[in-house]
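J.: From the sequence below, what's the structure:
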Amino acid sequence: MERHDLLHEFPEYQEKIHQLKTDNPHFRELFDEYHELEHEIHRINTGVEIATDEYAHSLKAKLLFMKDELYSILENN
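T.: Numbering: from 1, shown residues only. Now for the predicted structure:
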């Protein structure tokens, strides 16, 4: 199952992600929340955790929203 962590999603921003994680508390908080959410979705997709389709869909929608927000920060900093 493919992972969707930010370093794989945006490999061209690896240095910027690291810099923002250390310098920007808001980015760090979003990054950590995104990582936890991505990990939970991965566990559901691989059958480690059981979830309803509705719940899994809501997690994926939240993940996409957060990825857009993180990308916006990366683009504008």
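J.: how close does the most centrally placed residue in the chain get to Gly47?
T.: Computing the C-alpha centroid of the chain and ranking residues by CA atoms, centre = their mean puts Tyr34 first, at 3.3 Å. In this view, Tyr34 and Gly47 are 22 Å apart by CB to CB, to the nearest Å. Where you see a C-beta, it was placed from the backbone N, CA and C, and this is true even at glycine.
J.: Which secondary structure element is home to Leu64?
T.: helix 53-76 (DSSP states H and E).
J.: helices or strands next to that helix in the packing?
T.: helix 6-9, helix 14-23, helix 25-45 (3 or more CB pairs under 8 Å, 6 or more residues apart in numbering; DSSP states H and E).
J.: Quick check: which ranges of this protein have low pLDDT?
T.: 1-2 (pLDDT under 70).
J.: change it to 80
T.: 1-4 (pLDDT under 80).
J.: and Thr46, backbone torsions?
T.: With angles defined as degrees, to the nearest 10, Thr46 sits at phi -90, psi 0.
J.: Let me know how buried it is, in neighbour terms.
T.: By other CB atoms under 10 Å, 9 other residues sit near Thr46.
J.: That one and Phe10, how far apart?
T.: 23 Å.
J.: same thing with Pro25?
T.: Pro25 is 20 Å from Phe10, by CB to CB.
J.: okay, these two: which has more neighbours?
T.: Per other CB under 10 Å, whichever of Pro25 and Phe10 has more neighbours is Phe10, with 16 against 10.
J.: For that one, give me its contacts.
T.: Phe10 sits next to Ile17, Tyr71, Leu74 when contact means CB atoms under 8 Å, 6 or more residues apart in numbering.
J.: which of those are buried?
T.: Buried subset of those (neighbour count, 16 or more other CB atoms under 10 Å): Ile17, Leu74.
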